[in-house]
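Student: Sequence and predicted structure, then a few things I'm wondering about:
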Amino acid sequence: MQFTADVSALFPGLHVAEGLVRSVRMITDSSGIAALKESVTREVRLRYTLETVRDDPLFRAYRDFFWKIGVDPTKTRPASEALVRRILAGRDLPQINPVVDVYNLASVQSGIPIAAFDADMLKGPLSMRLAREGERFAGIGMEKPILLSKNQVVLDDGESIVAVYPYRDSDATKVTEKTENVWIVSCGVPGIKREMVARAYRICTGYLSEYCGGVASEPAVFPGNREE
């Protein structure tokens, strides 16, 4: 993934891990995913409470990043934290389709937001850049496009914005029941080590291989050096 110079300058220490999972299947027997969900839910309830989750260092790093890009994390929470809070509040996780359900569980377990795209709908390699004032973005579940501000970070496939980083993916490239190949992006922020970002990718692709039959590539981690 290419980072523009302004993103690299504003957010040193930001890492992503990305790669392809081929030939996923929308399985009909969800018993394995149900057991995984039960295990991850139990682990979350042992690890966090609603009173302490906001102060977890990992989630705090994402909250700090949100403030820097002009997003109030008390209103729009980092995706992984939002899912953890659902569990702690006694609410069920959303059930979309097997692939989405599995990568949501990987996000919960790792604490790292994970973006996923129908790889066959992407027009080219992804790059990370700052949005231009007034750019339009139609995210999953939005009734109409929103206008972005210039300080927001986005992922672009060369033709259009496919995600507002790291919390909302595009409706046009979302994973559906027809998806066969999935592009996974494990979304880091400053303060989250590259090894943690790569680990979240491997948890996610491991689950997609085990429960949805996918064949995953090794993660490409950016930036490519090991400096924090």
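Tutor: Arrived safely. Numbers count the residues shown, from 1 in each chain.
Student: Quickly list what the residue most central in space within the chain is bridged to.
Tutor: Centrality entry for the chain: nearest residue to the mean C-alpha point is I114, 1.9 Å, by C-alpha atoms, centre = their mean. Beta-bridge pairing for I114 (DSSP bridges): S186.
Student: again with the one 4 residues further on
Tutor: With DSSP bridges as the criterion, D118 is bridged to V182.
Student: is it true that the residue nearest to the centre of the chain touches W183?
Tutor: No - between I114 and W183 there is no contact under C-beta atoms under 8 Å: 11.1 Å. The C-beta positions use only the backbone N, C-alpha and C, and glycine is treated the same way.
Student: Provide a list of residues in contact with the residue nearest to the centre of the chain.
Tutor: By C-beta atoms under 8 Å, 6 or more residues apart in numbering, the contact list for I114 reads 79-80, 103-104, 106-107, 184-187, 200-201, 204.
Student: Closest to T41 out of the residues you listed?
Tutor: Ranked by distance to T41 (C-beta to C-beta), these are led by N104 at 11.7 Å.
Student: distance from the centroid: which residue in the protein tops it?
Tutor: Going by C-alpha atoms, centre = their mean, the residue of the chain most distant from its centre is D29, 25.2 Å out.
Student: Okay, that residue and V99: tell me how far apart.
Tutor: Taking C-beta to C-beta, to the nearest Å as the measure, D29 falls 14 Å from V99.
Student: So which bits of the longest helix along the chain are buried?
Tutor: Taking DSSP state H as the criterion, the chain has its longest helix at helix 194-212. Residues 194, 196-205, 207-209, 211-212 are the ones in helix 194-212 that count as buried (16 or more other C-beta atoms under 10 Å).
Student: Show the average pLDDT along that helix.
Tutor: Mean pLDDT, computed over helix 194-212, is 97.
Student: For it, name the packing helices and strands.
Tutor: Contacts defined by 3 or more C-beta pairs under 8 Å, 6 or more residues apart in numbering; DSSP states H and E place helix 194-212 against strand 16-22, helix 31-47, helix 98-110, strand 114-118, strand 182-187, strand 215-216, strand 220-222.
Student: list the helices and strands the third one packs on?
Tutor: In other words, helix 98-110. In terms of contacts (3+ C-beta pairs under 8 Å, 6+ apart), helix 98-110 is packed against helix 31-47, helix 79-88, strand 114-118, strand 182-187, helix 194-212.
Student: related to what we said a few turns ago, then the residue farthest from the centre of the chain would be within a strand, right?
Tutor: No - counting by DSSP: H, G, I helix; E, B strand; the rest coil, D29 is not part of a strand but coil.
Student: Residue numbering should commence at 51 henceforth.
Tutor: Got it, the first residue is 51 from now on, which makes the last one we talked about D79.
Student: Which pLDDT value goes with it?
Tutor: With respect to pLDDT, D79 has a value of 80.
Student: Phi, psi for it please.
Tutor: Backbone geometry at D79, expressed as degrees, to the nearest 10, gives phi -90, psi 100.
Student: which stretches of the protein have low pLDDT?
Tutor: 274-278 (pLDDT under 70).
Student: For G184, which non-adjacent residue is spatially closest?
Tutor: Nearest-residue entry for G184: L197, 5.3 Å, with adjacent residues in sequence omitted and distances by C-beta to C-beta, 6 or more residues apart in numbering.
Student: Look up how far V203 lies from that neighbour.
Tutor: 16 Å.
Student: more neighbours, the two?
Tutor: V203 (26 against 10; other C-beta atoms under 10 Å).
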